[in-house]
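A.B. asks: Structure, please.
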Amino acid sequence: MSSYLRRVPEQGLRMHEPEFKGVSLLDQEYADDQTRGKRETPSEYYETVCWGCGLSVECAFVHPAFMCSWCGAISYRNKQVKKQGRCTGCYHVLDRILVSIIVCIVILVIGGGVWAVFPILCPELGFTFFFHTLLTGIFSFNTLFNYCVAAFVQAGPLPDIAWGSVDCVSEGSLQGYRFCEICHKPKPPKAHHCRACNACVNEMDHHCPFIGNCVGAANHRPFVLFLLFAVLSNVYVFLMSLAAIVEIWKTQVDMPEVFGVASSSQVMVVIATYLQALLGSSISSSVRALGLLYLVAVSLSVTIGVGLLLHHHMRQLYDGDTFIETLQRESGVKRGLLPQGEWKNFQRVFGHGNPLFWVLPRLVTGSNGKVHDK
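C.D. replies: Reported below is the predicted structural model:
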């Protein structure tokens with residue numbers, strides 16, 4: 001059965017309707033014959049089948065794509081099948097090795113920070129010791145937990161949906177869906193195929209090499225929480241290391257002598273005296289001093305870098321965008337299925353509960369990531 005075609009201006013696609021009288025209208029803006037006059041109908045058509053519902057569709061050759069008006073699925077005339085890379089398995093193994101190395105490094109940094117800071121600021125068991133032990137445990141657990149969840153959970157599995165026959169497909173059930181020629185599955189409007197993961201990812205944001213996984217509908221929340229706790233943890237490490245350095249400085253430097261020099265050479269004298277005090281003691285103290293200097297530099301750098309990344313992701317969440325959609329919008333492709341600038345976009349990722357409980361650790365699976373209103 002042939003079909004009637006009309007244009008979707010925002011997406012540049014064509015739609016068909018069940019009733020077709022043998023005339024195909026190319027552009028909806030020319031539908032008013034009284035104002036624009038009658039237009040000629042193209043004589044060259046091609047007949048294809050909608051992959052979503054199986055209905056026969058007749059389209060003009062000038063139309064590279066069309067949207068089925070019954071099920072809403074999007075089909076393309078020229079199917080460009082992109083071959084999957086041969087080294088996908090190698091990339092997956094390398095990603096997992098990198099993730100394991102990062103986890104080990106984080107654990108070593110946490111242990112080194114405790115070894116360098118606690119003997120100086122918490123030399124005795126007491127309230128200060130237990131308070132900072134509790135904070136260290138909270139920050140360390142949440143950072144590692146959210147990192148592992150974001151790295152090892154399936155990022156965004158595609159929903160199970162009926163397709164292929166008009167008998168099992170209801171009207172509009174595949175609205176905006178496309179067909180992945182690599183996975184051979186329907187994919188939702190915001191889904192994209194990731195070559196590194198060798199799978200389609202629902203609501204894909206980007207593929208992050210540091211977690212060895214894509215950021216999608218299922219692991220977007222733990223990924224953002226990982227960034228948040230990474231920033232908070234590094235701020236805490238920076239303040240604690242700085243406090244330990246000041247404590248060492250006060251015990252080994254004559255403060256009036258340092259700050260009593262002339263203003264022109266004050267900075268150099270302070271730095272020289274400080275380094276001499278840190279490194280001019282026993283070997284263990286010198287190693288601890290170097291560790292503190294390293295912690296200050298690294299924690300400050302990570303706070304700035306990850307903080308900017310966190311701000312970028314929070315802004316995208318508020319706008320209801322993904323990183324891919326941002327690139328598409330900048331390149332002139334208008335997308336956006338969600339209202340921009342709404343609090344509901346945060347609730348889709350973190351849940352509808354009290355915002356104070358959003359940061360609590362929660363183990364997610366591939367099917368209970370983002371929350372969608374029905």
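A.B. asks: counting contacts, what elements does the helix or strand hosting Leu293 pack onto?
C.D. replies: Under DSSP states H and E, the secondary-structure element containing Leu293 is helix 283-319. If you count contacts as 3 or more Cβ pairs under 8 Å, 6 or more residues apart in numbering; DSSP states H and E, helix 283-319 packs onto helix 88-121, helix 220-252, helix 266-279, helix 344-350. Quick note: C-beta positions are derived from backbone N, CA and C, even for glycine.
A.B. asks: Go again with 10 Å.
C.D. replies: helix 88-121, helix 220-252, helix 266-279, helix 323-330, helix 344-350 (3 or more Cβ pairs under 10 Å, 6 or more residues apart in numbering; DSSP states H and E).
A.B. asks: Rounded mean pLDDT for it, please.
C.D. replies: What helix 283-319 shows for mean pLDDT is 85.
A.B. asks: before we move on, back to that, Serialize the helices and strands packed on helix 283-319 to JSON lines and add fields for distance to Arg362.
C.D. replies: What follows is the helices and strands packed on helix 283-319, written out as JSON lines (distance: least, Cβ to Cβ, whole Å):
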{"stretch": "helix 88-121", "distance to Arg362": "20"}
{"stretch": "helix 220-252", "distance to Arg362": "8"}
{"stretch": "helix 266-279", "distance to Arg362": "43"}
{"stretch": "helix 323-330", "distance to Arg362": "23"}
{"stretch": "helix 344-350", "distance to Arg362": "10"}
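A.B. asks: Mean neighbour count, the ones you listed: which tops it?
C.D. replies: helix 220-252 (a mean of 20; mean count of other Cβ atoms under 10 Å).
A.B. asks: Could you tell me the angle between it and helix 283-319?
C.D. replies: Per axes from the mean of the first three to the mean of the last three Cα atoms, to 10 degrees, the angle that helix 220-252 makes with helix 283-319 is 150 degrees.
A.B. asks: of the helices and strands packed on helix 283-319, which approaches Arg195 most closely?
C.D. replies: With Cβ to Cβ as the criterion, Arg195 lies closest to helix 88-121 of the helices and strands packed on helix 283-319, at 7.0 Å.
A.B. asks: which other helices and strands contact the closest one?
C.D. replies: helix 127-152, strand 206-208, strand 213-215, helix 220-252, helix 283-319.
A.B. asks: and with 6 Å instead?
C.D. replies: Secondary-structure packing of helix 88-121 (3 or more Cβ pairs under 6 Å, 6 or more residues apart in numbering; DSSP states H and E): helix 220-252, helix 283-319.
A.B. asks: As CSV, those helices with distance to Leu360 would be great.
C.D. replies: What follows is the helices and strands packed on helix 88-121, written out as CSV (distance: least, Cβ to Cβ, whole Å):
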stretch, distance to Leu360
helix 220-252, 9
helix 283-319, 18
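A.B. asks: Of those helices, which is nearest Cys200?
C.D. replies: Distance to Cys200, taken as Cβ to Cβ, is lowest for helix 220-252 among the helices and strands packed on helix 88-121, at 15.8 Å.
A.B. asks: got the angle between that closest one and helix 127-152?
C.D. replies: Going by the same axes, to 10 degrees, helix 220-252 makes 150 degrees with helix 127-152.
A.B. asks: by contact count, what packs against helix 220-252?
C.D. replies: Using 3+ Cβ pairs under 6 Å, 6+ apart, helix 220-252 is in contact with helix 88-121, helix 127-152, helix 283-319, helix 344-350.
A.B. asks: Which strands border whichever helix or strand comes after the second one, and is each parallel or antiparallel?
C.D. replies: Per DSSP H and E, the first helix or strand lying C-terminal to helix 127-152 is strand 178-180. According to DSSP bridges, the neighbouring strands of strand 178-180, each with its direction, are strand 185-187 (antiparallel).
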